[in-house]
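K.L.:
only geometry, no sequence info:
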């Protein structure tokens, strides 16, 4: 049974919100010092476009500014981030390379280039950059986190596990890192160790239903039925309006029913599936499962399931 996957997003160290403030400040400084940063200047227009989430326009304005002054790091950073936001990843790589050329000793610039390479699916180049950054600074946890994500995205699970173990040792407060480690371990068939990783994630994020759902799946796979039941019950109190999570919860209750032969767990499975259908009726295969287990599916909205403590 597949886990409830947590999407890991590599992060540029110069976030867009901070970039916007820097761009607006740079435009104001230009107006004050030289009078060139008028409301019609490319930097100003680019900053305003970012503020209004018009990323294609922002890219165009920052490109104009970069042409007027190609050594302007603020304009180049604005252009690169606008290209990323517009999903133009290959183009963003070229701009980040220009930034690195202007700031070769800046690890943030090289980190952002590695992120851009990852998004452009140029994994080998990204890996080399991350390893280079870590060779220079072993405490660079963002680089190590992204390297682990990179390995996992490519199916290099043993390498991913090795790096995730270092990440959680270095930054034990990150629930997403424990979750990612658990995913890789489960994919390698190491359910017992995955259960430990998911348990840490659940402790760090006790109100995250998906952490408890994954803990339930790992515990069941590891033969720890008691822990699986406890985790599934906790998840049932937290799932909320996530149709996929309700569906996954139902599958966990079904598996527990199969290994314990307790009708209570089958009842809970049916309730979870009905709730999933209530939230997302477009699941014909789930309707078939309900029919298989003897539950009517004609009007799920008239009998919504309630979380069972």
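P.N.:
Cool, the structure landed. This one's a predicted model, so the numbers in the text were calculated from it and none came from an experiment.
K.L.:
wait, doesn't residue 79 sit right on residue 95?
P.N.:
Yes. Under the criterion of C-beta atoms under 8 Å, residue 79 makes contact with residue 95 at 5.3 Å. C-beta coordinates here come from the backbone N, C-alpha and C atoms, glycine included.
K.L.:
Now residue 205. Nearest residue, chain neighbours left out?
P.N.:
Closest residue to residue 205 apart from its sequence neighbours, by C-beta to C-beta, 6 or more residues apart in numbering: residue 175 at 4.2 Å.
K.L.:
number of nearby residues for the one you found?
P.N.:
Neighbour count of residue 175, defined by other C-beta atoms under 10 Å: 20.
K.L.:
Give the buried residues for stretch 261-277.
P.N.:
Using 16 or more other C-beta atoms under 10 Å as the test for burial, stretch 261-277 gives 265-277.
K.L.:
What about the residues you listed, which are in helices?
P.N.:
265-277 (DSSP state H).
K.L.:
helix or strand for residue 143, which one?
P.N.:
Assessed by DSSP states H and E, residue 143 sits inside helix 141-153.
K.L.:
can you list contacts of that helix?
P.N.:
8, 10-11, 13, 111, 114-115, 118, 123, 126-127, 130-131, 133-134, 137, 157, 159-160, 163-164, 166-167, 170-171, 174, 177, 180, 183-184 (C-beta atoms under 8 Å, 6 or more residues apart in numbering).
K.L.:
pLDDT (mean, whole number) over that helix?
P.N.:
Mean pLDDT, computed over helix 141-153, is 95.
K.L.:
Repeat that for stretch 285-295.
P.N.:
Computed over stretch 285-295, the mean pLDDT rounds to 85.
K.L.:
Please apply the same query to stretch 198-208.
P.N.:
For stretch 198-208, mean pLDDT is 96.
K.L.:
Residue 123 versus residue 217, what's the distance?
P.N.:
Residue 217 sits 28 Å away from residue 123, taking C-beta to C-beta, to the nearest Å as the criterion.
K.L.:
In terms of neighbours, single out the busier of those two.
P.N.:
Using other C-beta under 10 Å, the more surrounded residue of residue 217 and residue 123 is residue 217, with 27 against 15.
K.L.:
what helix or strand does that one sit in?
P.N.:
Using DSSP H and E, residue 217 sits in helix 209-221.
K.L.:
which residues are in contact with that helix?
P.N.:
Against helix 209-221 from outside (C-beta under 8 Å, 6+ apart): 1, 3-4, 6, 175, 179, 182-183, 186, 191, 194-195, 197-199, 201-202, 205, 225, 227-229, 231-232, 234-235, 238-240, 242, 245, 248-249, 252, 255-256, 259.
K.L.:
Show me which of those residues are buried.
P.N.:
The neighbour count (16+ other C-beta under 10 Å) marks 3-4, 6, 175, 179, 182-183, 186, 191, 194-195, 197-199, 201-202, 205, 227-229, 231-232, 234-235, 238-239, 242, 245, 248-249, 252, 255-256 as buried among the contacts of helix 209-221.
K.L.:
Thanks a lot, catch you later.
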